[in-house]
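In: Give me coordinates for this.
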Amino acid sequence: MASKKIGKATVKFINPPVIIGTGTVVGPMEGRGPLAEDFDVILPDLTCGEKTAERSERKILEQAAQIAIERSGIAKSMIDYYIAGDLLNQIISASFSARQLAIPFLGVYGACSTCAMGTALGGMIIDGGFADYVLIACSSHYQTAERQFRYPIELNVQHKPTSQYTVTGAGALVLASSGNGARVTWATTGKVIDLGIKDPYNLGAAMAPAAADTLLRHVADTGHGPDAYDLILTGDLGRLGSELFRELTKDAGCDCGNNHNDCGLMIFDTKTQRVGAGASGCACPAVITLGHVLREMERGKLKRVLLIATGALLSPLSSQQGETIPGVGHAIVIEW
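Out: Alright, predicted model coming up:
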């Protein structure tokens, strides 16, 4: 009997896992944004001393994971599982970093929803009694994402106003079965929603319906309305996707009011930095949540946060073949 499952898609953790260590690394563009002081490492450039952007991304991910392990206060040998993902083909940043970390590895792909999906899975593993410590991490890189999903930056292709700027960075956390700190208390698994968007330069619109669907099902499953949270954080819908998300949820009778913000609108100064409709990338919700949001919780400004991380599940091949873009949104509740 699935005694911990609530409603259609939500899990309530009976012994909520604790976040005992985090690590965030961001690129120079992110380091010039309004939340720079909340990140652990700001890179001086995008290369990290590597010959390719793909190697650079892998190095960033490894660095964030190492910081999280060090901050957790436990030995790496005590970690039972490493759950990680990224945006590249065959999640090579995650799998190659696992080669270095030498921890039993579970590779996951949820596009930009990976941080919430990985945390939910890690929480289930710990609450189910299958592990005491789980390391979760994800990464993205502006140059690698442009090369894979759009055009190599060397071509200098003009972006549309609806496009979003991929965050260079990585976020990692260590979940534990016991300890002090913020706890992951609920998780709602999203459904794949596709309303027919085909434009890879308008991913916010493709993901917004999935984010709205996940919020509505989380509310139905738990009975917790938007007012139950100090912050409802989506990531990363950008400007246009956020507007659509608020419109869809309000029409469904679930008005987020002033409780909602989006990671894609927080990491950059959208007035002075040229980032189109905002930010995107696996690292975007990861570094915002593990850097800024958790620090706000430590400062006593936030106590209960609902993160709905969203992913656009396209590939270069599917876009070239004219397929529409499915979206998904996974939700976790973090409480202090």
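
In: quick one: the strands in the stretch 51-200 of the chain?
Out: According to DSSP state E, counting those that start in this stretch, the stretch 51-200 of the chain carries its strands in the segments 81-85, 105-107, 133-140, 165-166, 169-176, 183-188.

In: Quick one, which of these gets closest to L216.
Out: L216 lies closest, by CB to CB, to one member of these: strand 183-188, at 10.1 Å. No exception for glycine: its C-beta is placed from N, CA and C like everyone else's.

In: Give me the buried positions along the closest one.
Out: Residues of strand 183-188 classed as buried under the neighbour-count rule (16 or more other CB atoms under 10 Å) are R183, V184, T185, W186, A187, T188.

In: now swap in stretch 308-318 and tell me
Out: For stretch 308-318, using 16+ other CB under 10 Å, the buried residues are I308, A309, T310, G311, A312, L313, L314.

In: and this protein, what are its domains?
Out: According to automatic domain parsing, the chain comprises the domains 5-176, 183-335.

In: What's the local residue count around I83?
Out: 26 (other CB atoms under 10 Å).

In: Distance of N259 relative to F268?
Out: 22 Å (CB to CB, to the nearest Å).

In: Of the two, which one has the most company?
Out: Shown here are N259 and F268; by other CB under 10 Å, F268 has more neighbours (24 against 17).

In: The more buried one contacts G31, doesn't it?
Out: No - in this structure, F268 is not within contact of G31 by CB atoms under 8 Å, at 10.7 Å.

In: Please enumerate residues in contact with the lowest-mean-pLDDT helix or strand in the chain?
Out: The least trusted helix or strand in the chain, going by mean pLDDT, DSSP states H and E, turns out to be helix 142-149, with a mean of 84. With CB atoms under 8 Å, 6 or more residues apart in numbering as the test, helix 142-149 has contacts from 27, 29, 46, 53-54, 56-57, 87-89, 152-153, 165-168, 200, 281, 314, 316, 319.

In: out of those residues, which are buried?
Out: Buried, going by 16+ other CB under 10 Å: 27, 29, 46, 53-54, 56-57, 87-88, 165-168, 200, 281, 314, 319, out of the contacts of helix 142-149.

In: In helices, which of the residues you listed fall?
Out: Judged by DSSP state H, these include M29, A53, E54, S56, E57, S319 as members of helices.

In: Next one: A94 relative to A64, how far apart?
Out: According to CB to CB, A94 and A64 sit 12 Å apart.

In: just K198 next, same as before
Out: Distance from K198 to A64, counting by CB to CB: 33 Å.

In: Same drill for the two, tell me which one is more crowded.
Out: Counted by other CB under 10 Å, K198 and A64 do not tie: A64 has more neighbours, with 32 against 13.

In: Correct me if wrong: the more buried one contacts S140.
Out: No - with contact defined as CB under 8 Å, A64 does not count as touching S140 (11.6 Å).

In: what do those two both touch?
Out: Contacts common to A64 and S140, judged by CB under 8 Å, 6+ apart, are G169, A170.

In: Tell me how many other residues crowd V25.
Out: Neighbours around V25, by other CB under 10 Å: 29.

In: Who does it form a beta bridge with?
Out: Beta-bridge pairing for V25 (DSSP bridges): V41, A170.

In: Begin at 806, not 1, for the rest of this chat.
Out: New numbering, starting at 806: the last item is V830.

In: Quick one: residues contacting it.
Out: V830 makes contact with F844, D845, V846, L848, I865, Q868, A869, I872, G974, A975, G976, V1092 under the criterion CB under 8 Å, 6+ apart.

In: count of residues packed around the first one?
Out: Going back to what we said before, that points to F844. Neighbours around F844, by other CB under 10 Å: 26.

In: Return the residues in contact with it.
Out: By CB under 8 Å, 6+ apart, F844 lies in contact with T829, V830, V831, E835, G836, G974, V1092, G1096.

In: Repeat that for L1099.
Out: L1099 neighbours (CB under 8 Å, 6+ apart): I824, T827, A987, I1139.
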